[in-house]
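Asker: sequence unknown, structure follows:
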């Protein structure tokens, strides 16, 4: 079963994500405090929640920290609430694979998660072949 690691300090986001992923994927909830201490498990996909308060602190450092521990190719979905176009661009430039501004449309949120799970599968299947060449 694929593992999804959610970094968020918002319990409501965890509950919504858990509802749309249950029985399909294993969801692991971690706070940003655990991210700062590097105390979080490996996962196939990472979801990072950036609300306005978190955006003020910046997106660069948390994204780089996750990529440093879990690998550069780890697919990351950023939930960027209330961010500007520049905030979104900065997150994408730092290494986020995809973003969503709100999770009001659960179907769209679920599709983004499933797309990243599929991308993770693809990378695992074919990335090792590239390295051998």
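Answerer: Great, that's in hand. Just so it is clear, the model here is predicted, and its values are computed rather than measured.
Asker: My read is that residue 47 contacts residue 77, right?
Answerer: Yes - the pair formed by residue 47 and residue 77 meets the contact definition of CB atoms under 8 Å, at 4.8 Å. For glycine as for every other residue, the C-beta is placed from the backbone atoms N, C-alpha and C.
Asker: what touches both of these two?
Answerer: Jointly contacting residue 47 and residue 77 under the rule CB atoms under 8 Å, 6 or more residues apart in numbering are residue 113.
Asker: So what sits opposite the most centrally placed residue in the chain in the bridge?
Answerer: When the chain is reduced to its mean C-alpha position, the closest residue under CA atoms, centre = their mean turns out to be residue 47, at 2.1 Å. Under the criterion DSSP bridges, residue 47 forms beta bridges with residue 6, residue 77.
Asker: what's the spacing between it and residue 14?
Answerer: When distances are taken as CB to CB, to the nearest Å, residue 47 and residue 14 turn out to be 10 Å apart.
Asker: same thing with residue 46?
Answerer: Using CB to CB, we find residue 46 at a distance of 14 Å from residue 14.
Asker: Tell me, how many residues neighbour residue 105?
Answerer: 11 (other CB atoms under 10 Å).
Asker: make that residue 101, sorry
Answerer: Applying the criterion other CB under 10 Å, we find 13 residues in the vicinity of residue 101.
Asker: same check, this time on the one 5 residues further on
Answerer: The burial metric for residue 106, expressed as a neighbour count using other CB under 10 Å, is 12.
Asker: picking that back up, overlap in contacts, residue 47 and residue 14.
Answerer: Common contacts of residue 47 and residue 14, defined by CB under 8 Å, 6+ apart, comprise 6, 8.
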